[in-house]
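Asks: what follows is a protein structure lacking sequence information:
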Ligand code: ADP
């Protein structure tokens, strides 16, 4: 028997393959099963061409046999097999793909799902095996051949016997080392796990003897005895759910698949099943979870969709398929059009991937918008879990995603149990209203108690209650909705006063400038200005801000690590109608100073700001009480 050498380049390539192309050794199984599936597809295709009927895919299983004593793992198929010449060509020449040739020679058929194309997958076997034996009998041939190699020097081909057409690939696994446990590939449960992970949707049954236990025959039902036995079982589910037609599937099917696949104990709140043909053809099955995963809002969370090519898993989490603002979506994409790199693990810079990602983003947006309209309760539940992510999305990247996301946002409204979208807010705006009002605070009920709320409440304006850190930043980034500017009720440019009121304030300011000056003097740098306001009714004073930074933003920014403290420019606004003002008018300047401190402290407390010196405040109140 003549020993043939691998070609020189092939040897180097083989070395490279074994050591660098694949990041996980366990994908050898995926590659060999894919080859077996390709070979079976080819046989099936030829049979169809020759008009043979009655061949069923179920009768063409791929079988895995484990032999712990001999340390072998065998993968057998009923595919087209290989002649000696084909063995030489396909297995002796690395990077020669018989499957690619087959694809090129035969017109694209819907029914054929050939996976191979690079001509290297087979050699992944040498990552785990010290010897690979291939016994194959080609379709229409009486004799079979054996190809044998240890992957280093070369290979031999000799005649062999084989009862049926097809191929057996027998791997003798390497000895375990400290770091690598090749014997794990002799464990039925490990193999089952790998088949389910990578090859679950191969269209032929992948079968293996699995250990089972049963009650011993004749054993006492009161004290049953158990025995172990082996049973030939199909490991893969074969038909990918996403390739079935929607009419065949019930919600329950989708939900069960989701729970099993994505390890969630709760049903998803919504699923999206799509098939797109055109410049890129793909199936996608997406889910909106009903709750955020434990690690969702942490750095540990990894976004992404599972990516399949012809039913074979390429990547468990392809991050490029999902934008950050929809990172909560779980699901998968299956497309034969993607240009995979040689290890079929990573994608080369792929135009199709971008097209798919763009289409999915639009689809997710539309589905969420539809849900908001037609399944409001579900949407609000969804928003509770993931609304924060949408708001971040609208804020980041300089508001680039505003157009996409603004209609998905919901807000609580003061004095109401309902949440509204921006569109609903604008629809409900009063005739003379030209801004969208919001207020910030720790909770909705605290916001409702803000002194500034009174005026808006009286005038019948709806006020959005913002309680998340990102909220006000997001409002500032979005700037407006349908041309209606977002305005904080604590902004000094709120401009709700009538001309008369403005005039009145001017008069008051002229008349009592001195009191304002004394108050300002007592408070020093703590406030930028002290002025009269008409926005208050029953309260004596409130705090507002000038400029870009509001009190809420100051709070959030100062929670970030860093020395630099940010200060909002505070304005103390006084209500001249309040009885306290009568006191200010008659008190001496020392007492006015004390009143000023108390009023300022109260205004801060109402805004949820902690006092810098609570003891000084308590002392001043006492002094005024005695
Ligand atoms: P690829 O699958 O990408 O073509 P491989 O290195 O895995 O590359 O396989 C090389 C070629 O060997 C295949 O294209 C196919 O022609 C042949 N081959 C591999 N495994 C089998 C098999 N089980 N039955 C028949 N032919 C096979």
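Replies: Received it, and whenever you're ready, just let me know what you need. These numbers come from a predicted model, not from an experiment.

Asks: do a quick rundown of the strands in the stretch 301-450 of the chain.
Replies: Assigned by DSSP state E, counting those that start in this stretch, the stretch 301-450 of the chain shows strands spanning 305-309, 312-318, 330-334, 410-413, 419-421, 435-440.

Asks: and the second one, what does it pack onto?
Replies: Looking back up the chat, that one is strand 312-318. When contacts are defined as 3 or more Cβ pairs under 8 Å, 6 or more residues apart in numbering; DSSP states H and E, strand 312-318 packs onto helix 27-49, helix 188-198, strand 305-309. The C-beta positions use only the backbone N, C-alpha and C, and glycine is treated the same way.

Asks: mind listing what's buried along that strand?
Replies: Neighbour counts over strand 312-318 (16 or more other Cβ atoms under 10 Å) mark 312, 313, 314, 315, 318 as buried.

Asks: okay if I get those residues as TSV plus pLDDT and distance to residue 193?
Replies: Listed next are the buried residues of strand 312-318 as TSV, based on pLDDT from 0 to 100; distance: Cβ to Cβ, whole Å:
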residue	pLDDT	distance to residue 193
312	79	16
313	80	13
314	81	18
315	83	18
318	92	21
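
Asks: ok, which pair from those is furthest apart?
Replies: Distance extremes for the buried residues of strand 312-318: the farthest pair is 312 and 318 at 13.9 Å, using Cβ to Cβ.

Asks: may I have the phi/psi pair for residue 529?
Replies: With angles defined as degrees, to the nearest 10, residue 529 sits at phi -150, psi 160.

Asks: any idea how far it is from the ligand?
Replies: Applying Cβ to the nearest ligand atom, to the nearest Å, the value for residue 529 to the ligand is 75 Å.

Asks: 737 is where my numbering starts, stick with that
Replies: Happy to do that; since the first residue is 737 now, the last one works out to residue 1265.

Asks: count the residues that sit near the closest residue in space to that residue that isn't next to it in sequence.
Replies: Among residues not flanking residue 1265 along the chain, residue 1307 sits closest, at 4.8 Å (Cβ to Cβ, 6 or more residues apart in numbering). Neighbours of residue 1307 under the rule other Cβ atoms under 10 Å: 20.

Asks: in this protein, which helix or strand is least confident?
Replies: The weakest-scoring helix or strand in the chain, judged by mean pLDDT, DSSP states H and E, is helix 744-752 (a mean of 67).

Asks: go through stretch 949-959 and flag the buried ones.
Replies: Under 16+ other Cβ under 10 Å, stretch 949-959 has no buried positions.

Asks: span of it from start to end?
Replies: From its first residue to its last, stretch 949-959 covers 15 Å (Cα to Cα, to the nearest Å).

Asks: neighbouring contacts of that stretch?
Replies: 960, 961, 962, 963, 964, 965 (Cβ atoms under 8 Å, 6 or more residues apart in numbering).

Asks: check the offset of it from the chain's centre.
Replies: Remark: stretch 949-959 is offset 48 Å from the chain centroid, using Cα atoms, centre = their mean, to the nearest Å.

Asks: got a list of what residue 1294 touches?
Replies: 1301, 1302.

Asks: correction: the previous question concerned residue 827.
Replies: 818, 858, 870, 883, 885, 891.

Asks: quick one: which of these has the most company?
Replies: In terms of neighbours by other Cβ under 10 Å, these top out with residue 818 at 27 neighbours.

Asks: contacting residues around that one?
Replies: For residue 818, the contacting residues are 826, 827, 834, 870, 872, 874, 881, 903, by Cβ under 8 Å, 6+ apart.

Asks: next step: those restricted to strands.
Replies: Counting by DSSP state E, the part of the contacts of residue 818 found in strands is 870, 872, 881, 903.

Asks: restrict these to contacts with the ligand.
Replies: Under the cut-off given by Cβ under 6 Å from any ligand atom, the ligand has residue 903 from these close to it.

Asks: pick out the most distant pair among the ones in strands among the contacts of residue 818.
Replies: 881 and 903 (10.2 Å).

Asks: which residues touch the residue nearest to the spatial centre of the chain?
Replies: Nearest residue to the geometric centre of the chain (Cα atoms, centre = their mean): residue 1063, 2.9 Å. Residue 1063 is in contact with 1037, 1039, 1125, counting by Cβ under 8 Å, 6+ apart.

Asks: go again using 6 Å as the cut-off
Replies: Applying Cβ atoms under 6 Å, 6 or more residues apart in numbering, one finds that residue 1063 lies in contact with residue 1039.

Asks: the residue nearest to residue 1274 when sequence neighbours are not counted in helix, strand or coil?
Replies: Using Cβ to Cβ, 6+ apart and skipping the chain neighbours, the partner closest in space to residue 1274 is residue 1190 (6.6 Å). Secondary structure, DSSP: H, G, I helix; E, B strand; the rest coil: residue 1190 is helix.

Asks: surely residue 1237 is in contact with residue 1270?
Replies: Yes - using Cβ atoms under 6 Å, residue 1237 is in contact with residue 1270, at 4.3 Å.

Asks: between these two, who's got more neighbours?
Replies: Each of residue 1237 and residue 1270 has its neighbours counted (other Cβ under 10 Å); residue 1270 has more, 19 against 13.

Asks: of residue 881 and residue 903, give the one with the bigger neighbour count.
Replies: Per other Cβ under 10 Å, whichever of residue 881 and residue 903 has more neighbours is residue 903, with 27 against 23.

Asks: next one: the more buried one from residue 814, what distance?
Replies: 9 Å (Cβ to Cβ, to the nearest Å).

Asks: next: residue 937.
Replies: As judged by Cβ to Cβ, residue 937 and residue 814 stand 19 Å apart.

Asks: got it, and residue 1012?
Replies: In terms of Cβ to Cβ, residue 1012 sits 34 Å off from residue 814.

Asks: neighbour-wise, which of the two wins?
Replies: Comparing residue 1012 with residue 814 by other Cβ under 10 Å, the one with more neighbours is residue 814, at 21 against 16.

Asks: quick one, phi psi at the more buried one?
Replies: Per-residue torsions, residue 814: phi -110, psi 40 (degrees, to the nearest 10).

Asks: wait, what's in contact with it?
Replies: The neighbourhood of residue 814, defined by Cβ under 6 Å, 6+ apart, consists of 796, 902.

Asks: same check on residue 1304?
Replies: Counting by Cβ under 6 Å, 6+ apart, residue 1304 makes contact with 1281, 1285, 1286, 1287, 1290.

Asks: same deal with residue 912?
Replies: Applying Cβ under 6 Å, 6+ apart, we find residue 912 in contact with 918, 919.

Asks: how far off centre is stretch 1059-1074?
Replies: 8 Å.

Asks: can it be found next to the ligand?
Replies: No - judged by Cβ under 6 Å from any ligand atom, stretch 1059-1074 makes no contact with the ligand; its nearest approach is 14.0 Å.
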